[in-house]
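>>> Next one to model:
(chains A and B)
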Amino acid sequence: MSETSVDAEEVEHVAELARVDLADDEVDAFAAQFAEILEYFEALDEVPEVESDADLVNVMRPDEVEESLDQEEALGNAAETEDGFFKGPRVS
Amino acid sequence: MSLNAFITEETIESDDEGPLSEKTVAVKDNISTEGVRTTCGSAMLESYVPPYDATVVERLKDAGATIVGKANMDEFGMGGTTETSAYGPVKNPVDEAHVPGGSSGGSAAAVAAGEADLALGSDTGGSVRNPAAFCGVVGIKPTYGLVSRYGLVAYANSLEQIGPIANTVEDAAALLDVVSGPDPRDSTTRFDVGGDEGDSEGEPVHPATDSNYAAAADGDVDGTTIGVVTDLLDGADERVVETFEAALDDLRAQGAETVEVSLDSVEHAVQAYYVIAMSEASSNLARFDGVRYGKSGGYEGNWNDAFARAREEGFGEEVKRRILLGTYALSAGYHDKYYKKAQDARAWVKHDFDDALEEADVLATPTMPVLPPELGESLDDPLQLYLMDANTVPVNLANLPAISVPAGEVDGLPVGLQLIGPKFGEEAIVRAASAVEE
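This next block holds a predicted model:
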């Protein structure tokens, strides 16, 4: 029993949430593939609830000032910078 | 013709003397190398040059190794054939019409072809063991927390470990000796579970502190109990299973005992793995917006348009597919259905492995259920490719160590045998794997 169906509109919505532009033919191809993959994921419905005990402890250290990348190194891979800052596209 | 095993061929010499002084090493291109570009197999990072070394690269240099290049890989580690690389596919040196496996396909191919003595890969769902099996070499996926991930460009943090690839079990183990250990820059390396006694003051230490993995490659399996995971034989290629059985016969002849074990949870492992890996990927890869690094989307329109444009140009199809499916699995209304259930399945797989490892010292499966596909054969059907990971992903879900060692060949194509150990039981899997080589 499968209720999984994915249409082009849904793919476009998710692509917008993920900030990835898609070509029209990519949208159609993904819609068909996603339907198949999500149907396969349906089998997770059969998984019982399982208690998991996280086998982890917090790792703490003193908060001391250490050497780090300098500003020039940190900006080295940016397409554009201005006055020692990253330059990004307009916010609105 | 070149195998296309490297994206960037550049020699990084070391001034230090150490256990790897005479050795050349290929480093997967998602592991940061200071001053040498690190693309992750993606057009997004075509000109990205890290300003710092990953911890494992520092350790290679300290050990005297010579790095010979950055190895080709599936884009951001997303694939099992090295065909999703933006820099072209890698050929399998054993038979160039076939894929080398992936995602660390360049690393394994370089070692198999003698272009490097050793290599580092990363293993999120089998990406070290799969290409090791397909290229006829040895690959180790360490226990989560044994090796620092600092400087590894993240795909799915909760699952991945950097691991060694080499021609022999002993060489792979020796490389693990070099790269393992605690790292203050990766808080998931374990400071708290090593040794029975801890250090001189009884404080717990990292499990690699007193280890010698290379020394464990002594081939002594007399009295070792090997659990054969029957659930993972049913769907495998018959020829692979025959080769696997022959290797087990050989281990029994050396004094090992085999028992059958069954893990009910593994039939849900591939689904759980992909939901978790894609969800983590959708979050991790959000950082690639073309502003601080990577392909820029330009400055026209608002920032969301610019980001979406940069990501359309920079990412390949499989990466987009996984980001979108991960975003879907985490979106309102679907989180409980997919992500939460996948976490339940992960816990179930862990319990099942714990139980199985009560009955056996190590567990055995074929590393891959199939022989290496031909180049181009499997690209069109993503789901079929995901199913190829059935034997490797359960190990990542359970955070356990595993090794792939060559078990033989079918029609000239390599078959790998996978041995899975208990948490931080690297020595046990190295020992058993070295007996497969005998």
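>>> Can you list the low-confidence ranges for the stretch 1-150 of chain B?
Scanning the stretch 1-150 of chain B for pLDDT under 70 picks out B:1.
>>> Return the residues of it in contact with chain A.
Within reach of chain A by C-beta under 8 Å from any C-beta of the partner chain, the stretch 1-150 of chain B has these residues: B:Ser47, B:Tyr48, B:Val49, B:Pro51, B:Tyr52. C-betas here are computed from N, CA, C, even on glycine.
>>> All the helices of chain A, residue numbers only.
A:8-17, A:24-41, A:71-75 (DSSP state H).
>>> which stretch of helix or strand covers B:Lys350?
helix B:341-359 (DSSP states H and E).
>>> Residues contacting that helix, please?
Residues outside helix B:341-359 that contact it (C-beta atoms under 8 Å, 6 or more residues apart in numbering or on different chains) are A:44-45, A:47-52, B:225, B:227, B:229, B:259, B:261, B:263-266, B:268-269, B:271-273, B:275-276, B:279, B:329, B:363, B:394, B:397-400, B:420-422.
>>> right, and out of the residues of the stretch 1-150 of chain B next to chain A, which lies closest to chain A?
B:Pro51 (4.2 Å; C-beta to the nearest C-beta).
>>> in chain A, which residue is closest to the centre?
When chain A is reduced to its mean C-alpha position, the closest residue under C-alpha atoms, centre = their mean turns out to be A:Ala18, at 6.7 Å.
>>> ok now do that one, which residues does it touch?
B:Ser282, B:Ala286, B:Arg311, B:Ile323, B:Leu324, B:Thr327.
>>> want to throw those residues into JSON lines with distance to chain A and pLDDT?
Shown next, in JSON lines, are those (distance: C-beta to the nearest C-beta, whole Å; pLDDT from 0 to 100):
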{"residue": "B:Ser282", "distance to chain A": "6", "pLDDT": "97"}
{"residue": "B:Ala286", "distance to chain A": "8", "pLDDT": "97"}
{"residue": "B:Arg311", "distance to chain A": "5", "pLDDT": "97"}
{"residue": "B:Ile323", "distance to chain A": "5", "pLDDT": "98"}
{"residue": "B:Leu324", "distance to chain A": "5", "pLDDT": "98"}
{"residue": "B:Thr327", "distance to chain A": "4", "pLDDT": "97"}
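>>> Just to be sure, which of those are found in helices?
Judged by DSSP H, the contacts of A:Ala18 include B:Ser282, B:Arg311, B:Ile323, B:Leu324, B:Thr327 as members of helices.
>>> any idea how far A:Val20 is from the last one?
If I follow you right, that is B:Thr327. 9 Å (C-beta to C-beta, to the nearest Å).
>>> B:Gly255 is in contact with B:Gly223, correct?
Yes. Counting by C-beta atoms under 8 Å, B:Gly223 touches B:Gly255, with 6.3 Å between them.
>>> more crowded one of those two?
B:Gly255 (12 against 9; other C-beta atoms under 10 Å in any protein chain shown).
>>> Go ahead and list the helix or strand containing the nearest residue in space to that one that is not next to it in sequence.
Spatial nearest neighbour of B:Gly255, excluding adjacent residues (C-beta to C-beta, 6 or more residues apart in numbering or on different chains): B:Asp222 at 3.3 Å. For B:Asp222, there is no enclosing helix or strand under DSSP H and E.
>>> In contact with B:Asp222, which residues?
For B:Asp222, the contact set (C-beta under 8 Å, 6+ apart) comprises B:Gln254, B:Gly255, B:Ala256.
>>> What mean pLDDT does stretch B:253-270 get?
Computed over stretch B:253-270, the mean pLDDT rounds to 97.
>>> Please apply the same query to stretch B:358-371.
98.
>>> Can you check the distance spanned by it, start to finish?
31 Å (C-alpha to C-alpha, to the nearest Å).
>>> Buried residues in that stretch, which are they?
For stretch B:358-371, a neighbour-count test (16 or more other C-beta atoms under 10 Å in any protein chain shown) marks B:Ala360, B:Asp361, B:Val362, B:Leu363, B:Ala364, B:Thr365, B:Pro366, B:Thr367, B:Met368, B:Pro369, B:Val370, B:Leu371 as buried.
>>> Relative to B:Gly297, how far out is the residue nearest to the centre of chain A?
A:Ala18 is 14 Å from B:Gly297, by C-beta to C-beta.
>>> Run the contact check for stretch A:67-83 versus chain B.
Yes. Stretch A:67-83 is in contact with chain B by C-beta under 8 Å from any C-beta, via A:Leu69, A:Glu73, A:Ala74, A:Gly76, A:Asn77, A:Ala78, A:Ala79, A:Glu80.
>>> Now, of these, which are buried?
A:Gly76, A:Asn77, A:Ala78, A:Ala79.
>>> Most widely separated two among these?
A:Gly76 and A:Ala79 (11.3 Å; C-beta to C-beta).
>>> so who does the nearest residue to B:Asn72 once chain neighbours are set aside touch?
Closest residue in space to B:Asn72, ignoring its immediate chain neighbours: B:Gly106 at 3.2 Å, by C-beta to C-beta, 6+ apart. Going by C-beta under 8 Å, 6+ apart, B:Gly106 touches B:4-7, B:26, B:28-29, B:71-73, B:82, B:90, B:100.
>>> Can you tell me which of those is closest to chain A?
B:Asp29 (15.5 Å).
>>> Leaving out the residues flanking it, which one is nearest to the closest one?
B:Lys70 (4.1 Å).
>>> Quick check: next helix or strand after the helix or strand encompassing the one you found?
Using DSSP H and E, B:Lys70 sits within strand B:66-71. Counting by DSSP H and E, the element after strand B:66-71 in chain order, helix or strand, is helix B:105-112.
>>> and that following helix, how far out from the chain's middle?
13 Å (C-alpha atoms, centre = their mean, to the nearest Å).
>>> Can you mark which positions in that helix are buried?
Using 16+ other C-beta under 10 Å as the burial criterion, the residues of helix B:105-112 that qualify are B:Gly105, B:Gly106, B:Ser107, B:Ala108, B:Ala109, B:Ala110, B:Val111, B:Ala112.
>>> again, but for stretch B:8-27
Within stretch B:8-27, the residues that qualify as buried are B:Thr8, B:Ile12, B:Ser14, B:Leu20, B:Lys23, B:Thr24, B:Val25, B:Ala26, B:Val27, counting by 16+ other C-beta under 10 Å.
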